[in-house]
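In: pasting the structure only:
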Ligand SMILES: O=P(O)(O)OC[C@H]1O[C@](O)(CO)[C@@H](O)[C@@H]1O
């Protein structure tokens, strides 16, 4: 296509939302009208299923759950008055809690006011808050935020070291929908230990955000934590940014949560339209379907050209991959679906892997996220008539062009400014696109059965570790690994036993290995 034809295609396919100042350009995805016509019946079906989902159908059949994240930003849509009141009440409770924290009316026992937030959670209970903090936290926030999103002891130590002597003025948010995920449970216990080491009362500085009646909810209530906020059964972890999970940490950092919700609501209204061309989420789903042949054959590389949006691709990784990455479709057929997502930011990544994107294996499509507004205030000229922001913009355009010339397709999402309203709209856009795409490929986008296997296997390893330690403590002489595995009741788990004892020895946990480490089968093990 020559440049005049491309310019025409750009205009033919451009989506623009005046209220949001939002543009979506799918002109550099090489689908044709025939493809759009061919997908239309699937889209018509998907729009109907999405409407049913929004009005309270059991859209997550395996878990027998409604899927209600759209109600969080427009409570009038909720299928009952109770739900509506619950959503509105939660937002009001968040605002009044945050107001008391900021004013010092609610303060820690050993300091005048809370200075820091320590958020403990993983997956959907961390990625949204982390993305929004990076994107929207003011330069001088009323409270700085720290995250523990793993069970890595050194990672936990690093966060606690950075908080240092401000632990006595740190508000701890323990976020877990199920209230039973091991990683945040471990993080919480480690932080409780740090509090007691410093003679601080954890319960007077802790807040739980969790499902009503969960273990965590019960613990928080029985120990008299500062407060709890609910995570509703009908909100999934990866779509929980507009629930208390995202709103509490955001509001504490001084981010305008009403603006985030309003932006999401406005995008929802735009993406509810049951037609492909006038609906930006449908256009995204169409482009994804085209690129990967409806089977995720191409990866989605997400490149925001704005530092503050760095974590968007990481956030989308869970939203897209946990939602769409499914072995079975809704009829039980093995389909092995999904779309792989990666990316960091432009232009930085141009100096890392864009070489491969331009010339190497063509197994991806790109999504550029463009932000029109460069900065608050005026820019200096780096060269005659050219600012740093002009460079960023030029590099985006240039990369899009160079990739297209080499048959690499791309989508460009353009927002006027990386503010609360637009970040809310961006999240809502992708939530809807993932939902529509899930219907197009007939998978349940709201469960995550595949994650359970790894969790169960990890629990089995920890049980085996307990048995191994018991055997070693009862034994006086060093045992060959195979014998140890046999005595621990796991003769077919020799490799697992070997890895357990190697880890225990490395951490001075009362275990010693003897022999040539390069030949594990000859090693013997004893307790110290
Ligand atoms: O909020 P929870 O229940 O601790 O779960 C955390 C994350 O773990 C998962 O269930 C996957 O294991 C995610 O879907 C979820 O966001």
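Out: Okay, I see it. What you see is a predicted model; the values in this text were computed from it and never measured.
In: Every contact and neighbour count from this point should use C-alpha atoms.
Out: Noted.
In: Please, where are all the strands along the stretch 201-350 of the chain?
Out: 206-210, 227-230, 299-304, 341-342 (DSSP state E, counting those that start in this stretch).
In: and these, which is most packed in?
Out: strand 206-210 (a mean of 26; mean count of other Cα atoms under 10 Å).
In: Quick one: name the residues of the stretch 351-500 of the chain near the ligand.
Out: Residues of the stretch 351-500 of the chain lying close to the ligand (Cα under 6 Å from any ligand atom) are residue 451.
In: Residue in the stretch 251-400 of the chain with the shortest distance to the ligand?
Out: residue 322 (7.1 Å; Cα to the nearest ligand atom).
In: just checking, that residue touches residue 448?
Out: Yes - using Cα atoms under 8 Å, residue 322 is in contact with residue 448, at 6.2 Å.
In: If you count surrounding residues, which of these two has more?
Out: residue 322 (21 against 16; other Cα atoms under 10 Å).
In: Tell me the spacing between residue 40 and residue 31.
Out: Note on residue 40: its distance to residue 31, by Cα to Cα, to the nearest Å, is 13 Å.
In: Ok, residue 455 next?
Out: Distance from residue 455 to residue 31, by Cα to Cα: 41 Å.
In: cool, residue 425 as well?
Out: 26 Å.
In: Among these two, which residue is more densely surrounded?
Out: Neighbours per residue (other Cα under 10 Å) separate residue 425 from residue 31, with residue 425 holding more: 26 against 15.
In: show me where the stretch 101-250 of the chain has helices.
Out: 127-136, 153-163, 182-197, 215-222, 244-252 (DSSP state H, counting those that start in this stretch).
In: Ok, the stretch 301-450 of the chain next?
Out: So, for the stretch 301-450 of the chain - with DSSP H, counting those that start in this stretch - the helices run 312-324, 354-359, 388-405, 420-440, 449-474.
In: nearest to residue 98, of these?
Out: Closest approach to residue 98 among the helices of the stretch 301-450 of the chain is made by helix 420-440 (17.6 Å; Cα to Cα).
In: Can you name the residue of the stretch 301-450 of the chain nearest the ligand?
Out: residue 448 (6.3 Å).
In: For the stretch 151-300 of the chain, what lies in contact range of the ligand?
Out: 176, 177, 178, 179, 181, 237, 238.
In: Most neighbours out of the residues you listed, which is it?
Out: residue 176 (30 neighbours).
In: thinking again about what came up before, ok, the residue of the stretch 251-400 of the chain closest to the ligand - contacts?
Out: By Cα atoms under 8 Å, 6 or more residues apart in numbering, the residues touching residue 322 are 445, 447, 448.
In: Likewise for residue 471?
Out: 484, 487, 488.
In: What sits closest to the residue of the stretch 201-350 of the chain found nearest the ligand if chain neighbours are left out?
Out: Using Cα to the nearest ligand atom, the single residue of the stretch 201-350 of the chain nearest to the ligand is residue 237, 3.9 Å away. Of all residues beyond its chain neighbours, the one nearest residue 237 is residue 124 (4.3 Å), with distances taken as Cα to Cα, 6 or more residues apart in numbering.
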